[in-house]
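**Q** Pasted the sequence and its predicted model underneath.
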Amino acid sequence: MYVNISDLCFDYPGTKQKTVADFFLHMQEGEVISILGESGSGKSTILRLIAGLEQPCKGTIKVGEKVFCGAGGAFLPVEKRGLGMVFQDYALFPHMTVEANITFGLKRWKRSERKARLEEMLGLISMEEYKRRYPYELSGGQQQRIALARALAPKPSLLLLDEPFSNLDAHLQQRIRDELRETIKKTGTTTIFVTHDQEDARVLADRIVMVKGGTIQQVGKACEVLKETVTKQRVPVEA
Amino acid sequence: MKWRHVFPKTTGWGTVSVFLVTLLILPTIFLMVRVFQPASENWKHIREFMLKDYMVDTLTIAFWTGVFSVAVGTTLAWLVSAYQFPFRKTLKWALLMPLAIPPYIGAYTYHGMLSYTGVIQRTLRDTFQLDLHQKYFDIMHIPGAVFIFTIFLYPYVYAITRAFFASQATSLIENARILGSGSLRTFFKVVLPVSRAAIVAGVSLVVLEVLNDYGVVSYFGIQTFSTAIFQTWFSFGDLDAAIKLAGILMGIVILVLIIEKWLRGRRKFSYSTTKVKPLKPTELYGWKKAVAVGYAGIIFILGFLLPVIQLSYWAVLTFDQIFTKAFVSYIWNSTFTAGVSAVMVVVVAILVANYTRMARGIVPAVTARLTVLGYSIPGAVVAVGVIGFFIFLDEQIKKILAAAGASPALMLSTSIFMLLFAYVIRFMAIGYNSIESGFEKVGMKFTEASRTLGMSWTETFFRVDLKMIRPAIFSGFILVFVDILKELPLTLILRPFNFETLSTMAYRYANDEMIQESALASIFIVMVSGIAMYIFHILIEKEPN
Ligand SMILES: Nc1ncnc2c1ncn2[C@@H]1O[C@H](COP(=O)(O)OP(=O)(O)OP(=O)(O)O)[C@@H](O)[C@H]1O
Ligand SMILES: [Mg+2]
C-alpha cells in the first residue's frame, strides 16, 4: 500500500476525551479518499496529523517510502514531508502575487524548471493571465484554484484538502468540484479530502471514510457507504 | 507528562528565547536574593525613622490619584461615548493627549505658571490688582502631586473604558435605555458595574505609573520610595539599603497587581485593540450641553493645551540661549538610546513571541509570562537591580582577569550598556504586547501553509511571518521609542557620567529653578510623543476590522 496509517491517537492539551482514536487508513497510489463526518468529528485534526501540524500521541503514518511518524516517537517535521495542502480559507500569502504564491514551494528547483512549472500549473487551472495579480484581486473561486495550483506545484506525494468548497457559492461549488476532480485525475495525485457534504464525497472520492467522534464508523466505496446512511437516515421519516 | 509538553522542540528558537528571557530577569532575581541579606547601619536608621513616612506618602498619593483618575476617566469616557455635543469628535482624541506630557514635565510647568512671576499671579496682579497670599499658589505638596498625576494620567482609565464601552458594553447600555433607565441611573447602575474590569485595568496602569515616578515627587520634595531609593544610592552609596527599599516597593507593586487581578477577574484589556461598534450618542441640549463641553474642555485645557502653550512660550523665549551644540547632542543621545533600545526590544519580542506561538508547552508559556514582567516594576527598582547585577558582574570579571594576570579594563557598570539593558527590561512588555497581538491577528494559517510547502520554521519566519506583522513591528517600535524618550528615573540613575538626555536635562534645569530654560527639552519630548499618539489614534480609528 502507498499510504499506511494505523492506530492513530491524538488529544488536544486540556481535553479529556481523545480527539482522534484508533484511526487507520490504507490507500493505493493515485486513489482519492474522502473523510466524511459532522462538524467537530475530528476531520480537520486527522488531516493536521497527517500533515505534521500536530504530533500524535500514538500511531504510525507512512507515505511511500517515508515514515512520517512511528515507533519511538519518530516524527518527520512538516516541511520534510513533501505534501500538498489546501486550507479551508486557502491561506494565500497576501503579500505575494499569484506567481510568487505558486512558486513558493519550488525553492530548490532550477530557475528554468520553476518557470516551466509555473506555466504548467497556470495552464492546468486555466489562469495564465492572472499571474501578476495579488490574492485580494481574485474571486473566491479563483483563489481556490490558485491554492490548489500552489499545493500541486511541488509534485506532492499526497494532497490534503480541508473542506475545499465551503467558502464558495452553491452554483460555483459544483463547477469547481468537477474541475478539481479533473485536475486531480490528470495529475494522478493521491488525495485525501475532508468534507461534511455527501455529494462532494460521492462525486470525488473512490472510497469514503466516515468518522464520528474521532473514530472510524465505516469505510467503503461511495455507493456502499452513502446508500446505507441514506436508508438509515430515512428510517425515522418512514416510521 | 511528556518532555515535549514541557520544552517542545523548536530548532533553536526555544533555546534563544529562554536565554534572552533569563538574561532579562537576572537583575530581578539578583534583587530578590539580595533583599534578604543582613542589613547595614543605614538601613536600621531608615527603618526606624523614615520608612513609615515613605509608606504613608507613597500610598496616599497612589490611592488618591487612583480615585480621581477613575472619577475623571470614566465620566469623560461615558460623556463622549453616550452623548452628542459640540466638539465631541475632537475631544474624543484630544482627551487622550495629556498622556503625551510626562507628569514630571507637567509638574515643572504648573509650578512655573503658578509662581510669583508666573503668568497666573502676574495676570491677577496686573489686570485685577489682586495680590493673594503665596500659599494659594503652592502646589508642591501631596494634594498638588495628586492633581498633577491625575490630570496627566487619567487618560489610561479614559482610553480603556471608552474602548470597552465601544466594543462590549453597547448592547447592555442600549438595553438599559430601552428599559427606560435615566442617564444618571444608567451610568451608576449599569455602566460602572459592567465596566469594572476595564476601569480596574486602567487605574492599575495609573497607580503603577505613580509608583514608578521619581520626577514629580522629588521636585515637590515629597518623600516616597522612589526618592528614598535615589537618596540612599546617590547620597550614601548604600546599595544594600537601596535594595531593601526596592524590595518593599516591589512588594507594594505585587500587592497592586494582586488586587487588580482579584478585582477584575479573568478579563484582559488593552487599549490598542478595539472593535468599534459605537453606541448611538444622545444629543444634549441647553445647560447640559454647556456643562458637557465645559467639563471635557477644561480637562483638556488643564491636561494639555495650557501646559503646551506655556512650554512653547518659554521655549521660544529661551531658544537662542538653549539651542546650542550641547542641546543637539542631547537630542542625539535621547534618540540614540531610545532607538537602539527600541530595536533591541522589538527583536527580542519577535523572537520570543514567535517561539511561544510555535510551541505549546510549559516552557513557552512561562517564557511569555516572564517577558512582560518588567513593565510593572518601577524604574528605581529596575535600576537598583541592574546596578547591583552589573557591579556583581564587574567584580567577577575583575577576579577572572586578575587570576589571568591581566588588569581589568572593561567596566560594565559605568557603560551606556547598563542603561540600554535596563530600558529593554522595563519596556519589553510594551513591545511584546504589540508584536504578540500582531501575530494573533494574522493567526497560524499562513505559517502552516508555508510549512506544508516545504519551508522550515526559520525560513517561514523570514519569508512570511515577518512580512505579515510589519505593522505590529512598526507600532511596537514607536511605542517603546516614545516611552524611553520620556523616561526619567532609570535614565537618571543609570546614565554614564556626564551623559545627558533631553529628559535628564529638563529635570536638571527645572531643579535648578531654571524652568524656562528647561522648556525646550520638555516641548521636544511632548511634541514627539504627541505626534506619535496622534498617528496611533488615527491608525486605530481608521482600522476597518
Ligand atoms: N486547538 C484546539 N484545542 C482544543 N480543542 C480543539 C482544537 N481544535 C479543535 N479542537 C476540538 O477537537 C474536536 C475536533 O475538531 P476538528 O476541527 O478536527 O473537527 P472537524 O471535524 O474538522 O469540524 P468542522 O467540520 O467543523 O471543521 C472538536 O471537538 C474541537 O472542539
Ligand atoms: Mg474542520
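**A** Thanks, I have the structure now. Numbering: from 1, shown residues only, chains lettered A, B, ... in the order given. Ligands and ions are numbered 1, 2, ... in the order given.
**Q** A strand includes A:Phe68, no?
**A** Yes - assigned with DSSP: H, G, I helix; E, B strand; the rest coil, A:Phe68 falls within a strand.
**Q** residues near it, how many?
**A** 25 (other Cβ atoms under 10 Å in any protein chain shown). (Each C-beta comes from the backbone N, C-alpha and C, glycine too.)
**Q** shouldn't B:Ile525 be in contact with B:Tyr108?
**A** No - taking contacts as Cβ atoms under 8 Å, B:Ile525 lies outside contact range of B:Tyr108: 11.9 Å.
**Q** Which one's more surrounded, these two?
**A** More neighbours surround B:Tyr108 than the other of B:Ile525 and B:Tyr108, with 29 against 23 (other Cβ under 10 Å).
**Q** For chain B, what's the nearest residue on chain A?
**A** Closest contact between chain A and chain B, by Cβ to the nearest Cβ, is at A:Gly105 (3.4 Å).
**Q** Could you measure from that residue over to ligand 1?
**A** Plainly put, A:Gly105 is 24 Å away from ligand 1 if you go by Cβ to the nearest ligand atom, to the nearest Å.
**Q** for B:Pro496, same thing?
**A** Counting by Cβ to the nearest ligand atom, the separation of B:Pro496 from ligand 1 is 49 Å.
**Q** so is that residue in a helix, a strand, or just coil?
**A** Classification of B:Pro496 using three-state DSSP returns coil.
**Q** can you check A:Gly30 too?
**A** coil.
**Q** In this structure it contacts A:Thr187, no?
**A** No - using Cβ under 8 Å, A:Gly30 is not in contact with A:Thr187; the gap is 9.5 Å.
**Q** can you give me the strands in chain B?
**A** For chain B, the strands defined by DSSP state E occupy B:83-84, B:282-283.
**Q** Can you check which of those strands gets nearest to B:Ile391?
**A** Nearest to B:Ile391 among the strands of chain B is strand B:83-84; the distance by Cβ to Cβ comes to 56.7 Å.
**Q** measure B:Leu412 to ligand 1 for me?
**A** Separation of B:Leu412 from ligand 1 (Cβ to the nearest ligand atom) stands at 45 Å.
**Q** residues in contact with the closest residue to that residue other than its chain neighbours?
**A** Spatial nearest neighbour of B:Leu412, excluding adjacent residues (Cβ to Cβ, 6 or more residues apart in numbering or on different chains): B:Phe390 at 4.9 Å. Residues counted as contacts of B:Phe390 (Cβ atoms under 8 Å, 6 or more residues apart in numbering or on different chains) are B:412-413, B:418.
**Q** Over to B:Leu192?
**A** B:74, B:199.
**Q** From B:Val386, how far out is it?
**A** Applying Cβ to Cβ, to the nearest Å, the value for B:Leu192 to B:Val386 is 41 Å.
**Q** How about A:Lys115?
**A** A:Lys115 is 56 Å from B:Val386, by Cβ to Cβ.
**Q** again, but for A:Ala222
**A** Here the criterion is Cβ to Cβ. By it, A:Ala222 lies 69 Å from B:Val386.
**Q** Who has more neighbours out of the two?
**A** Per other Cβ under 10 Å, whichever of A:Ala222 and B:Val386 has more neighbours is B:Val386, with 26 against 18.
**Q** Specify the local secondary structure of the residue nearest to A:Cys57 when sequence neighbours are not counted.
**A** Distances taken as Cβ to Cβ, 6+ apart put A:Cys9 closest to A:Cys57, at 5.3 Å, once the chain neighbours are dropped. Classification of A:Cys9 by three-state DSSP places it in strand.
**Q** So chain A: which segments form each domain?
**A** Following automatic domain parsing, one gets these domains for chain A: A:1-82+A:156-239, A:91-155.
**Q** Of all the ones you listed, which one is nearest B:Val347?
**A** Proximity to B:Val347 (Cβ to Cβ) singles out domain A:91-155 among the domains of chain A, at 20.9 Å.
**Q** So for B:Ile139, which of the domains of chain A sits nearest?
**A** Set against B:Ile139 and scored by Cβ to Cβ, the domains of chain A come closest in domain A:91-155, at 53.1 Å.
**Q** ends of the closest one, how far apart?
**A** Here the two ends of domain A:91-155 are set 19 Å apart, with distance taken as Cα to Cα, to the nearest Å.
**Q** Checking A:Phe23 next. Helix, strand or coil?
**A** strand.
**Q** Okay, the nearest residue to it once chain neighbours are set aside and A:Lys80: tell me how far apart.
**A** Excluding the flanking residues, the one nearest A:Phe23 by Cβ to Cβ, 6+ apart is A:Leu8, at 4.1 Å. To A:Lys80, A:Leu8 is 19 Å away according to Cβ to Cβ.
**Q** Equivalent analysis for A:Ile35, please.
**A** To A:Lys80, A:Ile35 is 24 Å away according to Cβ to Cβ.
**Q** try B:Thr318
**A** For B:Thr318, the distance to A:Lys80 - Cβ to Cβ - is 67 Å.
**Q** of these two, who's got more company?
**A** B:Thr318 (18 against 13).
**Q** quick one: the more buried one from B:Ile515, how far?
**A** The value you get for B:Thr318 to B:Ile515, if Cβ to Cβ is used, is 10 Å.
**Q** Likewise for A:Tyr2?
**A** Separation of A:Tyr2 from B:Ile515 (Cβ to Cβ): 82 Å.
**Q** These two - which one has more neighbours?
**A** Comparing A:Tyr2 with B:Ile515 by other Cβ under 10 Å, the one with more neighbours is B:Ile515, at 23 against 15.
**Q** pLDDT score for the closest residue to the more buried one other than its chain neighbours?
**A** In this structure, B:Ile515 finds its nearest non-sequential neighbour in B:Gly112, 3.9 Å apart by Cβ to Cβ, 6+ apart. You'll see B:Gly112 listed with a pLDDT of 89.
**Q** ok, B:Gly112 touching B:Leu311?
**A** No - contact criterion Cβ under 8 Å: B:Gly112 and B:Leu311 do not qualify, at 9.1 Å.
**Q** Give me the more crowded residue out of those two.
**A** The residue with more neighbours, out of B:Gly112 and B:Leu311, is B:Leu311; 30 against 23, by other Cβ under 10 Å.
**Q** Relative to B:Leu317, how far out is the more buried one?
**A** For B:Leu311, the distance to B:Leu317 - Cβ to Cβ - is 11 Å.
**Q** what's the overlap in contacts for these two?
**A** Jointly contacting B:Leu311 and B:Leu317 under the rule Cβ under 8 Å, 6+ apart are B:Ala519.
**Q** which residues does B:Ala100 contact?
**A** Going by Cβ under 8 Å, 6+ apart, B:Ala100 touches B:304, B:526, B:529-530, B:533.
**Q** number of nearby residues for B:Ser17?
**A** Counted with other Cβ under 10 Å, the neighbours of B:Ser17 add up to 24.
**Q** Roughly how far does it sit from B:Trp43?
**A** Plainly put, B:Ser17 is 38 Å away from B:Trp43 if you go by Cβ to Cβ.
**Q** With B:Val203 instead?
**A** B:Val203 sits 32 Å away from B:Trp43, taking Cβ to Cβ as the criterion.
**Q** Skipping adjacent residues, who's closest to the single nearest residue of the stretch 351-500 of chain B relative to ligand 1 in space?
**A** Taking Cβ to the nearest ligand atom, ligand 1 has its nearest neighbour within the stretch 351-500 of chain B at B:Arg360, 8.9 Å off. Spatially, and ignoring its direct neighbours in sequence, B:Arg360 is nearest to A:Pro13 (5.9 Å; Cβ to Cβ, 6+ apart).
**Q** Surely that neighbour touches B:Ala359?
**A** No - using Cβ under 8 Å, A:Pro13 makes no contact with B:Ala359, being 11.4 Å away.
**Q** Compare these two (neighbour count), which wins?
**A** Remark: of A:Pro13 and B:Ala359, B:Ala359 carries more neighbours, 21 against 7, as counted by other Cβ under 10 Å.
**Q** Got phi/psi on that one?
**A** Recorded main-chain torsions at B:Ala359 are phi -140, psi 140, according to degrees, to the nearest 10.
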